[in-house]
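> structure of the sequence below:
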Amino acid sequence: MAMSDQLADMLSRIRNGQMASHKVVECPFSKLKANVCAVLKDEGFIREYKVEDRENNKKVLMIELKYAEGRGVIRQLDRVSKPGRRVYTSMKAMPRFYNGLGILVVSTPQGVMPDYKARAANVGGEVLCQVF
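Reported below is the predicted structural model:
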């Protein structure tokens, strides 16, 4: 059976990996997931990510989790736009998550970026997830 929401699966693997204190979690590769991981790495929520090739020409995304003082750096990680209900926002109507302490990961025509960079670039798009 095909997975209906691959991004939500990746976010759940990250959440579950942090609760179990794993150093690395792996999930199937897609370009969208790699772009979201790039944003999480740039914002300091994960330590590193890389793509590994496996048998049968399958790619796997290896995500190295980040911890501070024994706790995971990510306190909250939620999917906003879902396959059944897509959430789009303009630059002016883009909400702030935890008054700007958290970030929204937004898929824009210029690529996947955090909300403050989307505001600076004057673009809106689909709100993929929120991270604090």
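> and the helix or strand hosting L128, what does it pack onto?
Assigned by DSSP states H and E, L128 falls within strand 125-131. On a contact count with 3 or more C-beta pairs under 8 Å, 6 or more residues apart in numbering; DSSP states H and E, strand 125-131 meets helix 6-19, helix 31-42, strand 77-79, strand 88-89, strand 103-108. All C-beta atoms are positioned from the backbone trio N, CA, C, and that covers glycine.
> now that strand, how far from the chain's geometric center?
With C-alpha atoms, centre = their mean, to the nearest Å as the basis, strand 125-131 stands 8 Å off its chain's centre.
> for stretch 108-126, same thing?
Distance, stretch centre to chain centre, for stretch 108-126: 14 Å (C-alpha atoms, centre = their mean).
> what's the average pLDDT for the strand holding L128?
Average pLDDT, strand 125-131: 98.
> circling back: let's have the helices and strands packed on strand 125-131 in JSON lines, adding distance to M62.
Shown next, in JSON lines, are the helices and strands packed on strand 125-131 (distance: least, C-beta to C-beta, whole Å):
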{"stretch": "helix 6-19", "distance to M62": "11"}
{"stretch": "helix 31-42", "distance to M62": "10"}
{"stretch": "strand 77-79", "distance to M62": "18"}
{"stretch": "strand 88-89", "distance to M62": "31"}
{"stretch": "strand 103-108", "distance to M62": "20"}
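> just say which of those is most tucked in.
Among those, strand 103-108 has the highest mean neighbour count (mean count of other C-beta atoms under 10 Å), at a mean of 22.
> that strand packs against which elements?
helix 31-42, strand 111-114, helix 115-120, strand 125-131.
> need those in TSV (columns: distance to L101).
Formatted as TSV, those follow (distance: least, C-beta to C-beta, whole Å):
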stretch	distance to L101
helix 31-42	15
strand 111-114	12
helix 115-120	11
strand 125-131	10
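> between these, which one is nearest to R85?
Closest of those to R85 is strand 125-131, at 11.3 Å (criterion: C-beta to C-beta).
> perfect, I'm done here.
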